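# Need a 3D model of the sequence below.
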Amino acid sequence: MTTRHVVDGSTVNSKSAAIDAIAKAMSFPSYFGRNLDALYDCLVDLSWLPVGNHVLVWTDHHVLAEEDPDAYGRVRDVLEDAAEVNPRLVLRLTAN
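Just a heads-up that it's a prediction; the model follows:
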């Protein structure tokens, strides 16, 4: 089973907005710490989600890349690192 989780990046213009949008899309547990380390930890865990693969689709990711390139790079690095470690997580960045 594969579950798709969509982040609408059209209004994501800061690191905290990106973290919150990803947490919402992935239904992170209430104990999530709302920082990059906690983001990584949750993405490599995923134990609260159903068994199977999980595809994180971040649409309009370019909005954050243009608004705050440093934040975008840091968030993207965390997503890519987590996807490399967790075979259940697939990352898709799309233009819309």
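# which non-adjacent residue is nearest the most centrally placed residue in the chain?
Most central in the chain under C-alpha atoms, centre = their mean is Ile22, positioned 4.2 Å from the mean C-alpha point. Spatially, and ignoring its direct neighbours in sequence, Ile22 is nearest to Val7 (5.6 Å; C-beta to C-beta, 6 or more residues apart in numbering). Where you see a C-beta, it was placed from the backbone N, CA and C, and this is true even at glycine.
# Sheet partners, orientation included, of the strand or helix carrying the one you found?
Here Val7, judged by DSSP states H and E, is contained in strand 2-8. Here strand 2-8 has these sheet partners by DSSP bridges: strand 53-59 (parallel).
# The strand it pairs with: what's the following helix or strand?
Remark: after strand 53-59, the chain's next helix or strand is helix 62-67, criterion DSSP H and E.
# May I have that next one exported as CSV, CA atoms only?
Output of helix 62-67 as CSV, limited to C-alpha atoms (Å, rounded to 0.1, in the frame of the first residue of the first chain):
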residue,chain,number,x,y,z
HIS,A,62,9.9,27.0,-5.6
VAL,A,63,7.9,29.5,-3.5
LEU,A,64,10.1,28.8,-0.5
ALA,A,65,13.2,28.5,-2.7
GLU,A,66,12.6,32.0,-4.1
GLU,A,67,11.5,33.6,-0.8
